[in-house]
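# build me a model:
(chains A, B, C and D)
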There are 2 protein chains.
Amino acid sequence: MPANDLDATFAALADPTRRAILARLAHGEASVSELAAPFAMSLPAISKHLRVLQRAGLISRGRNAQQRPCRLEGAPLRAVAAFTEHYRQFWDESFDRLDDYLRELQGDDEKPRRKH
Amino acid sequence: MPANDLDATFAALADPTRRAILARLAHGEASVSELAAPFAMSLPAISKHLRVLQRAGLISRGRNAQQRPCRLEGAPLRAVAAFTEHYRQFWDESFDRLDDYLRELQGDDEKPRRKH
DNA sequence: CTTTTATTTAACCAAAAGGTTCGGTAACCG
DNA sequence: CGGTTACCGAACCTTTTGGTTAAATAAAAG
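Numbering: from 1, shown residues only, chains lettered A, B, ... in the order given. Take a look at the predicted model:
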């Protein structure tokens, strides 16, 4: 169950170290030491960051010998995306995709090609 | 102009009071007292929340007699949307637009992992 | 000029966040 | 067995956060 709590998710994302960890994990699983390597920070500090990310449901952890590999779990980001979507008219000045969005919400499944 | 700092933006969004204020402002401008009304909280507390939102660039403030009306400024949310977009493959389980995404990221040296 | 209304500033406080060091535990390796 | 590797937990410290109350400011109203 992805702790689907916007409070925890936003708070977890508010730290640059944690966002960097997520960026690293987007390339694949990694051990704690691997994740810690780029930072001028003690290992327990990284461990704490990982616990914050895990409590927010943004990562999950496995076990491989002595290692506890971390894997990115993007599900909570869906709620973040939904949040921004709710305010789209306030930041998307082009309004290009507002119609598409409204159509999607109506269940009109016909999906036009959407370029980023 | 818009303090386009993900740290400040995510931190500002991590508080439920501040998100409720933004939700209220999505319906239109409001004074500080109007914004404070729904909360069991002192006025200075709301004032502090507004300062956090303003420093994050999420609101701007005008002047109307004794009132200092607040207006929603969604620009920082564009950066948040871009952030989630970057992780879309990890939260969009329908994978409808995975091909688009991969095409966009062409040049990435490591192939993104697809969940079982 | 005095008062009222709207909001901010200042001083304070408790709790949480982000870091440290030191010591523990669990799994593998010789 | 004993040592090494990989990580976690506990205790501690400092800064930030989120709230309070009391006093200050600014503009309007009487």
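# now do the same contact list for A:L6.
By C-beta atoms under 8 Å, 6 or more residues apart in numbering or on different chains, the contact set of A:L6 is A:A79, A:V80, A:F83, B:L13, B:P16, B:R19. Every residue, glycine included, has its C-beta placed from N, CA and C.
# how near is A:A26 to A:N64?
In this view, A:A26 and A:N64 are 20 Å apart by C-beta to C-beta, to the nearest Å.
# of the two, which one has the most company?
Neighbours were counted for A:A26 and for A:N64 using other C-beta atoms under 10 Å in any protein chain shown; A:A26 has more, 17 against 9.
# so which of the contacts of A:L6 reach DNA strand C?
Applying C-beta under 7 Å from any atom of the strand to the contacts of A:L6, one finds that nothing falls near DNA strand C.
# select only the buried ones of those residues in PyMOL?
A single PyMOL command selects the buried members of those (16 or more other C-beta atoms under 10 Å in any protein chain shown):
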select buried, (chain A and resi 79+80+83) or (chain B and resi 13+19)
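# what two of the contacts of A:L6 are the furthest from one another?
With C-beta to C-beta as the measure, no two of the contacts of A:L6 lie farther apart than A:V80 and B:P16, at 14.5 Å.
# tell me which parts of chain A are close to chain B?
Proximity of chain A to chain B (C-beta under 8 Å from any C-beta of the partner chain) is limited to residues A:6-7, A:10-11, A:13-16, A:19, A:22, A:26-29, A:72-78, A:80-81, A:83-92, A:111, A:114-116.
# which among those end up buried?
Buried subset of those (neighbour count, 16+ other C-beta under 10 Å): A:6, A:10-11, A:13-15, A:19, A:22, A:26, A:29, A:72-78, A:80-81, A:83-85, A:87-88, A:90-92.
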